[in-house]
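Asks: here is my input, please return the structure:
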Amino acid sequence: MPTILQIETATQVCSVALAVDGETIALKEEKAQNIHASSLTLFIDEVMNIAKLKYADLDAIAVSKGPGSYTGLRIGVSTAKGLCFALDKPLIGVNTLQMMANGYLSQHPNYGGLVCPMIDARRMEVFTAVYTNKLHEVVSVNAKIIDDKSFVLELDNNYITFIGDGAAKCETMLDSQNAHFSTVNFNSAANMSNLAYSAFQNENFEDVAYFEPFYLKDFVFTTSKNKS
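Replies: Numbers count the residues shown, from 1 in each chain. Here you go, the predicted structure:
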């Protein structure tokens, strides 16, 4: 009965879940800007208390590894690695986009189309991928600038549901009767429960010492033009 602590900080959502045998038993999450540093450890303590578990009861730590927010990923992965070192537990990395698609498909078990999770990457760019209803990747993870030519071939032949905080801004550009947009949040640590459980069963663990988030793009520092 593996008990896994799960952390999701790739977007504005700060989310922590506990799962036993791939089933979520406790969840704490909130969506707001810049709360990860101040809230993540509090959320972890809260889900542990809800489940009435001690940290020694954990069998592994799972973390959403990206792509996503540079700062959010850095905080989540650093926290997960710190727990793994302190508790001597294995680390599981879960692809953020796959986790989002998994969340949508778990809520729509009879869905027959494709799923396209999108994470906002500023302006008209998104981090994205496309998955089948069996969670097989048909378009690999990439940083994509959305225009009226995006996903034309895929939408010609498939019904696609676009999800995530990057999907809403793309709705007017993807003008097709086969394009559907969901406003439900799927950036939740609860949506990695069965993925983390499968990784644990297969001993698909990360090297805690060398593991880094999957940023996809280099972080770009911006300097204010207003100098006082």
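Asks: could you dump the least confident helix or strand in the chain by mean pLDDT to PDB, C-alpha only?
Replies: The helix or strand of the chain with the poorest confidence is helix 152-157; it has a mean of 94 (mean pLDDT, DSSP states H and E). The C-alpha trace of helix 152-157 is given here as PDB (Å, rounded to 0.1, in the frame of the first residue of the first chain):
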ATOM      1  CA  VAL A 152      -5.100  22.500 -38.500                       C
ATOM      2  CA  LEU A 153      -4.200  18.900 -39.400                       C
ATOM      3  CA  GLU A 154      -5.200  17.500 -36.000                       C
ATOM      4  CA  LEU A 155      -8.500  19.300 -36.000                       C
ATOM      5  CA  ASP A 156      -9.300  18.200 -39.500                       C
ATOM      6  CA  ASN A 157      -9.500  14.600 -38.400                       C
END
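Asks: buried stuff in that helix?
Replies: Neighbour counts over helix 152-157 (16 or more other C-beta atoms under 10 Å) mark E154, L155 as buried. (C-beta placed from N, C-alpha, C; glycine too.)
Asks: mind giving me the packing neighbours of the host helix or strand of V138?
Replies: Taking DSSP states H and E as the definition, V138 sits inside strand 137-145. When contacts are defined as 3 or more C-beta pairs under 8 Å, 6 or more residues apart in numbering; DSSP states H and E, strand 137-145 packs onto strand 125-131.
Asks: next, the angle strand 137-145 makes with the strand it packs on.
Replies: Comparing the axes of strand 125-131 and strand 137-145 via axes from the mean of the first three to the mean of the last three C-alpha atoms, to 10 degrees yields an angle of 170 degrees.
Asks: which helices and strands sit right next to strand 125-131?
Replies: With contacts defined as 3+ C-beta pairs under 8 Å, 6+ apart, the secondary structure elements packing on strand 125-131 are helix 96-107, strand 114-120, strand 137-145.
Asks: contacting residues around the second one?
Replies: For strand 114-120, contacts defined as C-beta atoms under 8 Å, 6 or more residues apart in numbering pick out 10-11, 67-68, 96-98, 100-101, 104-105, 126-133, 138-139, 151, 154, 158-167, 169-170, 186.
Asks: picking that back up, what angle do the strand holding V138 and helix 96-107 make?
Replies: Using the same axes, to 10 degrees: strand 137-145 against helix 96-107 is 120 degrees.
Asks: as a markdown table, the helices and strands packed on strand 125-131 with mean pLDDT would be great.
Replies: A markdown table is the format used below for the helices and strands packed on strand 125-131 (pLDDT from 0 to 100):
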| stretch | mean pLDDT |
| --- | --- |
| helix 96-107 | 98 |
| strand 114-120 | 97 |
| strand 137-145 | 96 |
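Asks: residue ranges for the strands of this structure, please.
Replies: 3-8, 13-20, 23-31, 60-66, 91-95, 114-120, 125-131, 137-145, 160-163, 179-181 (DSSP state E).
Asks: can I get those in TSV with mean neighbour count and distance to E46?
Replies: Formatted as TSV, the strands of the chain follow (neighbours: other C-beta atoms under 10 Å; distance: least, C-beta to C-beta, whole Å):
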stretch	mean neighbour count	distance to E46
strand 3-8	26	12
strand 13-20	25	8
strand 23-31	17	5
strand 60-66	27	16
strand 91-95	23	21
strand 114-120	26	25
strand 125-131	23	29
strand 137-145	14	31
strand 160-163	22	27
strand 179-181	17	32
